[in-house]
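*Asks:* With the sequence up front, the predicted model follows.
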Amino acid sequence: MWAHEVERWLPWLTPGDLRVVRSSLDAPEPPPAPPPKLLITSFQMLERLRELDADGPFAWRSVVVDEAHVLGASTARPEVDGGAAARSRKALALVRKATGLALLLSGTPSLGRPLSLFPLLDALACGGDAQRDDLTTWPRWLPERDEKDRRVAFCRAFCGARKARGGRFRGAAVYDGVDFHAELHAVLAGLWMVRRLKKDVLAQLPPLRRVVARLEDLRETKKRRRGGDDGADAGDDDDDDGAPA
């Protein structure tokens, strides 16, 4: 799908400028070979290929991540790293390293658990020029210099603390709720978020088609198959009985 849309919206690109990585055999050749201008891959291949590491041989100016919500935090404990998958760490490292454009696309809302948004927001806020140790470019949304401290500050501001009632974190603070929803929405809309409703993109979608597909009753299908199998066996038996005669 992405390759088709690239050909539609970027017609000036030649087939040699685009590389679609479906397996390790499709990995781009390292320098001095010229890199592709645009590379499309999956989370699975991103996790497998070392050539696509953020500190690898390629410097991608722009990074676009579709279904970016899968890169979110998987724990309600901000003090721990969260056991992020390798694909999440690699993808967000590429987002941080992008110097031109970084886009995180998702159609899945995260209204009830804003902690899952933190890794994505932090990658956007601390990427590009903010990677330099320069106070003039450091993001002002969270002043803490350490990522873990920023995660804790984000949770205390927006993620509704409660005490865990059981498990190994019993009695500790767990941030699996939401506080100050309107303020969080204002921060997101003011800094990064571009929200497009269905009515805004309806003209760009393919025409709606309604197709009626009639399905057979599975019970009748099984009966016919069973009858066919019995008939085949009977025929074989007749042939076997008749062969000696």
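*Replies:* That came through fine.

*Asks:* ok, G107 - contacts?
*Replies:* Contacts here follow C-beta atoms under 8 Å, 6 or more residues apart in numbering; on that basis G107 touches nothing. Glycine gets a C-beta too; all of them are placed from N, C-alpha and C.

*Asks:* That one: what secondary structure?
*Replies:* Three-state call for G107 (DSSP: H, G, I helix; E, B strand; the rest coil): coil.

*Asks:* Quick check: pLDDT value at it.
*Replies:* Here, the pLDDT recorded for G107 equals 83.

*Asks:* Look up how far V201 lies from it.
*Replies:* Relative to V201, G107 is positioned 11 Å away (C-beta to C-beta, to the nearest Å).

*Asks:* now swap in A91 and tell me
*Replies:* Distance, A91 to V201, using C-beta to C-beta: 24 Å.

*Asks:* How about P11?
*Replies:* The value you get for P11 to V201, if C-beta to C-beta is used, is 21 Å.

*Asks:* elements contacting the helix or strand where E47 lies?
*Replies:* In the assignment (DSSP states H and E), E47 maps to helix 43-48. Under the contact criterion of 3 or more C-beta pairs under 8 Å, 6 or more residues apart in numbering; DSSP states H and E, helix 43-48 touches helix 86-97.

*Asks:* Return the set of buried residues in the helix or strand following the helix it packs on.
*Replies:* Next along the chain after helix 86-97, taking DSSP H and E as the criterion, comes strand 101-104. Across strand 101-104, burial judged by 16 or more other C-beta atoms under 10 Å covers A102, L104.

*Asks:* same for the helix or strand following the helix holding E47, what does it pack against?
*Replies:* Downstream of helix 43-48, the first helix or strand assigned by DSSP H and E is strand 62-65. Applying 3+ C-beta pairs under 8 Å, 6+ apart, we find strand 62-65 packed against helix 86-97, strand 101-104.

*Asks:* Mind listing what's buried along strand 62-65?
*Replies:* Neighbour-count burial for strand 62-65 flags V63, V64, V65 (criterion: 16+ other C-beta under 10 Å).

*Asks:* Each with direction, which strands does it pair with?
*Replies:* Applying DSSP bridges, strand 62-65 is found paired with strand 101-104 (parallel).

*Asks:* Below-threshold pLDDT in the protein: ranges please.
*Replies:* Low-confidence segments of the chain (pLDDT under 70): 74-84, 111, 128-141, 167-171, 218, 227-245.

*Asks:* Where do the helices of it begin and end?
*Replies:* 2-9, 43-48, 86-97, 118-125, 147-158, 181-191, 198-201, 218-242 (DSSP state H).

*Asks:* circling back to that earlier point, looking at A91 and V201, which has the bigger crowd around it?
*Replies:* Taking neighbours as other C-beta atoms under 10 Å, A91 and V201 compare with A91 leading, 26 against 9.

*Asks:* I'd like the buried residues of strand 62-65 as JSON lines, with distance to E7 appended.
*Replies:* As requested, the buried residues of strand 62-65 are arranged in JSON lines below (distance: C-beta to C-beta, whole Å):
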{"residue": "V63", "distance to E7": "20"}
{"residue": "V64", "distance to E7": "16"}
{"residue": "V65", "distance to E7": "20"}
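
*Asks:* could I get the helices and strands packed on strand 62-65 as JSON lines with distance to P114?
*Replies:* Formatted as JSON lines, the helices and strands packed on strand 62-65 follow (distance: least, C-beta to C-beta, whole Å):
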{"stretch": "helix 86-97", "distance to P114": "17"}
{"stretch": "strand 101-104", "distance to P114": "15"}
